[in-house]
Each structure stands twice: as structure tokens, then as C-alpha cells.
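# sequence? don't have it. structure:
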């Protein structure tokens with residue numbers, strides 16, 4: 001990461017130095033009718049921003065954007081950093097639209113810095129859906145399996161489809177999945193870590209699992225979970241979920257997982273203020289600052305963080321969430 005950051009900064013600085021063409025830096029131009037984006041100053045600024053397209057780190061992009069805006073004397077409001085993308089995979093015999101509706105229950109501040117993509121599974125539901133009468137069809141499934149979840153049909157075709165989708169529509173920064181979608185997402189992460197798939201795609205660095213589980217085929221387990229998966233992950237585990245224990249087993253396959261428990265069953269849970277604060281903190285510290293939360297443990301506790309540091313972080317997150325809500329309300333108010 002440090003090497004890529006240095007390389008990107010060096011590229012940016014080289015580009016900037018080669019374009020200095022007057023004592024005052026970058027002239028605005030002599031033509032008052034010239035479009036602002038064609039003036040030498042802004043044109044050079046936009047060219048320098050192209051460096052950001054090759055940075056997969058949100059923190060590095062923000063840092064370079066700040067440097068560029070200061071260098072050119074432009075307001076930060078003019079700097080647009082593309083949102084990182086998260087691929088969201090729905091559960092068995094539901095749909096991308098249904099998962100989107102489920103996630104809409106969460107505080108919007110959680111994924112404020114991301115663009116969420118909700119594709120449908122590639123196979124029409126082969127039987128009754130549990131959400132019939134609750135949410136309109138059509139319904140889809142990613143692959144089929146037996147009742148013991150040890151034999152799978154169309155799994156390889158599904159993996160090929162998703163790898164092509166990710167390559168074509170990416171890059172993606174993270175995965176989010178519910179039930180079958182979470183199990184599939186974790187499998188893709190394990191395979192990528194082993195160099196089996198997505199070799200040309202930047203490493204996926206973030207995973208949100210809701211009621212996920214590991215595959216039980218020994219051959220798949222040996223390939224996907226042979227080593228601890230070093231991807232930052234948060235796992236939502238329901239006390240009444242029939243996949244409670246499998247969800248915990250999946251979390252154990254990841255390095256330093258953050259586990260958030262809730263009293264509900266097999267569903268995308270509603271999050272209280274404490275859970276929202278913890279997830280926002282996990283997102284911000286891991287993605288914006290590129291530093292993982294040390295010692296994340298069950299029931300959203302951090303064993304390696306002092307009580308004072310934890311309270312301070314929670315206070316900062318709550319203030320940030322409150323500020324974002326105030327700004328959103330202000331924008332929504334009629335003028």
C-alpha cells in the first residue's frame with residue numbers, strides 16, 4: 001500500500017511540475033469567454049485528477065484531492081472523488097431489489113461514501129419464495145444446493161458470471177451479502193486470496209456479512225478457507241437465526257472480524273443507535289483512514305482498545321452522524 005501511495009504521489013508531482021508555465025503558477029487564461037474547464041489552471045487540475053483513477057484507496061484519493069485543491073487554489077467543493085463501489089448479493093429466491101429495500105432500513109450515513117450495486121441472481125427461483133406476498137416478484141437464486149448444503153448445482157457457472165460482472169462493472173471495493181449472497185461473497189473472497197479468481201481485479205478489502213455461512217464441501221473448504229481471509233469484515237448474527245452457529249463459523253474464517261449480534265432471526269436487522277455508531281466507526285477507520293480496528297470481538301466490543309479511546313471514538317462518530325443528519329435535513333428543507 002505504501003509503495004502504491006508513493007508511486008501515485010510521485011506521478012502526480014511529476015505531472016504538476018511539468019505543467020508550471022509562469023511565475024504565478026497556472027494562469028487563468030486571457031479569453032474571458034473561455035469555458036472554465038478549458039482554462040490552463042483548471043485543465044491542468046483535471047489532468048492531475050486523472051491520477052486518482054488509478055488509486056484504489058479512498059484515503060489516498062482524498063489525500064491527493066486535498067493536495068491538488070490546495071496546490072491549484074481551488075475550493076474542496078470542486079474536487080469530486082468517485083465513490084467506492086460495494087457489490088450486494090441477495091439471499092436465496094429473493095432479488096436485488098428486495099435486498100436494497102432491506103438495507104434501506106439502515107441509517108444512510110453508514111454507506112454515505114459508497115455506491116451500492118444490487119444485481120439479481122442469474123437463475124429464476126426454482127420453487128416457492130419466502131417473501132411471496134411480502135415483496136413482488138420476480139425472484140432469483142444464485143445456485144442450487146441440497147438440504148445439507150454439501151452438494152451444489154450451477155455454482156461454477158455462478159462464480160464465472162460474477163467474476164465477469166465484477167470485472168466489467170468494477171472495480172469494487174467491497175462485498176455485502178445476505179444468507180446465500182453472504183456465503184457466496186465469502187467464497188469469492190477466499191478464492192481471490194488464493195489467486196484462483198479475479199487476478200486482474202484489485203483486492204476486495206471490505207465485507208459485510210448478514211446471516212452468512214461457509215460452504216461444507218471439503219474440496220471447496222480446502223480451497224477457500226485454507227488460510228485466514230485477511231479482509232476486513234463485519235458479521236451480523238441473529239440470536240433467533242437458524243444460521244446463528246454457521247454465521248459464527250464464517251466469521252472465524254476472517255482475520256479480526258467484527259461481530260454484531262442482534263435479537264432477531266434470519267433477516268437484515270434494524271440497527272439501533274449503538275450499532276449504527278459501531279458500523280460507522282468501522283467503516284471510517286478502515287476505509288477512510290485505512291487502519292483496521294484492533295481486536296474487534298464479539299458483541300461489538302474491542303478488547304485491545306482502552307475504554308477512554310473507545311468512548312472518544314464513539315463520541316466522534318455520534319457527532320459525525322448527527323452532523324450528517326442535520327446537513328441532509330437542511331438540504332431537504334424547501335427554500
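Noted; the coordinates are in hand. The model shown is predicted, which means the values in this text are computed figures rather than measured ones. Numbering: from 1, shown residues only.

# Strands of the stretch 151-300 of the chain, start to end?
With DSSP state E, counting those that start in this stretch, the ranges of strands along the stretch 151-300 of the chain come out as 152-153, 174-178, 206-210, 232-238, 258-262, 296-297.

# Make JSON lines out of these and add mean neighbour count, distance to residue 199 and mean pLDDT.
(Glycine included, C-beta is placed from N, CA and C.) What follows is the strands of the stretch 151-300 of the chain, written out as JSON lines (neighbours: other Cβ atoms under 10 Å; distance: least, Cβ to Cβ, whole Å; pLDDT from 0 to 100):
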{"stretch": "strand 152-153", "mean neighbour count": "15", "distance to residue 199": "23", "mean pLDDT": "96"}
{"stretch": "strand 174-178", "mean neighbour count": "26", "distance to residue 199": "17", "mean pLDDT": "97"}
{"stretch": "strand 206-210", "mean neighbour count": "25", "distance to residue 199": "19", "mean pLDDT": "97"}
{"stretch": "strand 232-238", "mean neighbour count": "24", "distance to residue 199": "21", "mean pLDDT": "95"}
{"stretch": "strand 258-262", "mean neighbour count": "21", "distance to residue 199": "28", "mean pLDDT": "94"}
{"stretch": "strand 296-297", "mean neighbour count": "19", "distance to residue 199": "29", "mean pLDDT": "34"}
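
# residues near the residue lying closest to residue 99 once chain neighbours are set aside, how many?
Spatial nearest neighbour of residue 99, chain neighbours left out: residue 90 (3.9 Å); criterion: Cβ to Cβ, 6 or more residues apart in numbering. Residues lying near residue 90 (other Cβ atoms under 10 Å) number 28.

# for residue 255, same thing?
Residue 255 has 13 nearby residues by other Cβ under 10 Å.

# Quick check: it touching residue 228?
Yes - Residue 255 is in contact with residue 228 according to Cβ atoms under 8 Å; the separation is 5.0 Å.

# first vs last residue of stretch 119-137, how far apart are they?
Across stretch 119-137, the terminal residues are separated by 14 Å (Cα to Cα, to the nearest Å).

# Mind listing residues that contact it?
The contact list for stretch 119-137 (Cβ atoms under 8 Å, 6 or more residues apart in numbering) reads 87, 89-90, 93-98, 101, 138-144, 154, 157-158, 161, 165.

# Pipe the strands of the stretch 151-300 of the chain into CSV and attach distance to residue 284 per row.
Written out in CSV, the entries for the strands of the stretch 151-300 of the chain read as follows (distance: least, Cβ to Cβ, whole Å):
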stretch, distance to residue 284
strand 152-153, 37
strand 174-178, 14
strand 206-210, 12
strand 232-238, 12
strand 258-262, 13
strand 296-297, 14
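
# in this structure, which segments are predicted with low confidence?
Using pLDDT under 70 as the threshold, the predicted model of the chain has low-confidence ranges 1-81, 286-335.

# now do 50
Within the chain, the set of residues satisfying pLDDT under 50 comprises 1-30, 32, 34-63, 65, 68-69, 72, 74-80, 288-335.
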